[in-house]
Structure formats: structure tokens, C-alpha cells
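Enquirer: Could you work out the structure for the sequence below:
(one chain, ligands or ions: 1)
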Amino acid sequence: MDTHRRDDDTTPRTRDRHHGGHRIRIVGPNPAMDRIEYLDRLEPHTVNRSLETRILPGGKSLIVARAVSRLGGRPVLYGFLGGVVGRYISEQCATLGIEDRHTVISGETRINPVLVERSTGHSTVINETGPTIRPQEAERLLRALADDCAEGDHVVLTGSLPPGLGPDYYGELVTAVRSRGARALVDTSGPALVAAVRHDPWLVKCNVEEFTTAFGVPAANADPADLVPALRDLLGGGLKTVVVTLGAQGLLAVTADRALTVLPPSVRTVNATGSGDTFLAAFALACARGAGLEEALRQGTAAAAANAAVLEPDLGPSPDLTALLAGVRVRHPRPLAPEVTP
Ligand SMILES: O=P(O)(O)OC[C@@]1(O)O[C@H](CO)[C@@H](O)[C@@H]1O
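Expert: Numbers count the residues shown, from 1 in each chain. The predicted model follows:
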């Protein structure tokens, strides 16, 4: 926890000179401790014995922040933390060089079991719902973010919303971020995703199931590029880019005038948990450093592959993505007529 700063201290934070003064802020309303159980094979409906247990600060926001930090950025992290797990996550922020701007709550931060099969690389994640957030706690986070945010910042809003927050909470945060001239990048699902889109974030990222479920779009059959028109329908106002991840098939990115398919480098997947978060971390960092869309997508895809190739959702102290970057392929699946969005 940032012990030098009270929750009601509204002095804007210092700018990050390394990124031309712009910061990467990450908001995870529902952080977690990930309890990773390594099994040879998961057998349902019987007793399973773990071969090894690892504990990591998790929830999407922690994975994003950790990856930004590993890649040389200086992330600032917001969310709600309470209880023993909350204290553990605060300590981990300090260790990992993550600026901790979490809001302290009366509830208990959740623990999410992640069951990883060593024989197949498949993982099963059990996401707890998380603690109930009180209205004044929700307001404190909103105020802290609005006070800190400045023009040119990239603000990643990620993960599920815990009980107590309405589906429009991300929408309120997006509005605050936009009002400061910063860019909001949203990665969530269900009603929270639908509501956030209405507030015109700069970018939306989700996986293909989250997209088809939230927006009632029929699943693409053989060719994911069939989703391009439905993705393009979401654009408009401030929303410039929609990214849909497709697992081992990479991702689809759609803007007003182009659609790109980005294919990942070939790696042996050991544990893909957190690859979407690692993508977003590297993507946001690349954007903050001035990269264009295609380059940022490449960086994100290489980082996601690096994450999938190791047991834990962590890029390690000094990741070198050079070889993976060389293996990323970008395709233009369907030329779009240049069109001015409404
Ligand atoms: O409940 P949410 O916030 O949607 O997802 C939480 C979570 O499944 O996401 C991460 C992987 O992306 C894990 O660390 C974590 O447990």
C-alpha cells in the first residue's frame, strides 16, 4: 500500500519522464491471489492431489501491472484491497515496483484457484465473486483515478466487477478517464463490457466467446474474419479499435478502415492463463512509447506467447521478446472500404 498517501489525498502524481510524462494506469476492481495447483491430470468428481502449489498476486490487473513492470514500464495500480490477501497484494506491489493506489475496503480480497495440468498445459480457473464493495469505496477509487489521470495516459480497466458495483461502473471510470484527455482500454465481459462500450473507451479487448456472448453475435464458423462486420459495428464516437483474441489462432483487430489478423509465433503452450493480460500490458506500453497499431499488436502478441510458454503468468525479470516478435505474422483478412465512422 502507498503509505505516503491517504485515500483522500488528491494531489496529482508525478509524471513518468521515461514515457514522455505519460503513465500506464491499471484498474482492477476485483484483484485476487492466484493459488496455482499443478496436477498431472485433472480428474473431476474425485480426489485430486496437487504436485506443487504456487501463490501469485493475480486477477487480471496484477498480471497486467507485473508485465508492464517486467517490460520496463512504471505501472500505477488501482482497485479494491481488503483483509490478509489485500495486505499480501500490497506487499507484492512494492516488491514488483508497482505503484500501489488501491482503495482499502472492509471486505476480503478473493483467492482464485488455478488448476494446471502438467501433461496437457490445460488450465481450469475458479474465479471467486469477490468482496462486496460499498458505495463510498467505489466513489473513493473513482476520485483517486480521476485526480491522478492526465492527458496522454493509457488507462487499462480490466477484469470482473465485484458485487456492489453496478454494470456501469467501468462506464463511469471511462468517462472520468476521457474527461482528463487520457485513453481508456477496457478488457471485461458480459453486461460490464456492453455498458463500457456505450461510454466510448479508446479500445476494447475481449476474447471471442466474451464478444459473441455479450453482444449476442452468432459464433464465427470456420473463419474468424466473418466477425469483422459485427466488430466494426461497435466502433464510433471515441471507440477506435476493437481487439478480439482467438486463443492459438491469435487475434482480430478492427478499426474504422482496416481489419488485421495477428498470428502468434509458434510456442509450446505450458499455461495460457494471463496471456490476454500480458498482451494488453505490452500493447499499452508500446502505445505509450509511441508505437502505431500494428507494431503495438505485434508487441502484445509476442508477450502473450512468452507468457503461454511458461508455467506461471509472469514474463520473468528481464524478458527478451526479440525471437518471438520475429515469429508474429500480421494479415489483412478483408480490405475494408475507407469509411468515416459516425
Ligand atoms: O474474475 P476475473 O477478473 O474476470 O478474472 C480473474 C482471473 O481469472 O483472471 C486472471 C487471468 O486472466 C487470473 O489471474 C484471475 O484469477
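
Enquirer: contacts and neighbour counts: CA atoms only from here.
Expert: Will do.

Enquirer: For stretch 190-203, measure first residue to last.
Expert: End-to-end distance of stretch 190-203 (CA to CA, to the nearest Å): 16 Å.

Enquirer: Can you mark which positions in that stretch are buried?
Expert: 192-203 (16 or more other CA atoms under 10 Å).

Enquirer: In strands, which of those residues appear?
Expert: residue 203 (DSSP state E).

Enquirer: ok, now which ones touch residue 158?
Expert: Residue 158 sits next to 26-29, 60-61, 186-188 when contact means CA atoms under 8 Å, 6 or more residues apart in numbering.

Enquirer: Can you narrow these down to the ones near the ligand?
Expert: Contacts with the ligand within the contacts of residue 158, counted by CA under 6 Å from any ligand atom: residue 60.

Enquirer: Which of the contacts of residue 158 fall in strands?
Expert: Of the contacts of residue 158, the ones assigned to strands by DSSP E are 26-28, 186-187.

Enquirer: top helix in this structure by residue count?
Expert: Longest helix of the chain, by residue count under DSSP state H: helix 293-308.

Enquirer: ok, for residue 84, nearest residue in space, not its chain neighbours?
Expert: Nearest residue to residue 84 in three dimensions, chain neighbours excluded: residue 108, at 7.4 Å (CA to CA, 6 or more residues apart in numbering).

Enquirer: Let me know the secondary structure of the most centrally placed residue in the chain.
Expert: Using CA atoms, centre = their mean, the residue of the chain that lies closest to the mean C-alpha position is residue 277, 4.1 Å off. The three-state label given to residue 277 by DSSP: H, G, I helix; E, B strand; the rest coil is helix.

Enquirer: thought residue 200 was touching residue 174?
Expert: Yes - between residue 200 and residue 174 there is a contact under CA atoms under 8 Å: 7.5 Å.

Enquirer: Leaving out chain neighbours, which residue sits closest to residue 127?
Expert: In space, residue 127 is closest to residue 112, 5.2 Å off (CA to CA, 6+ apart).

Enquirer: ok, what's across the strand from the one you found?
Expert: With DSSP bridges as the criterion, residue 112 is bridged to residue 34.

Enquirer: Kindly provide the distance from residue 29 to residue 196.
Expert: Separation of residue 29 from residue 196 (CA to CA): 14 Å.
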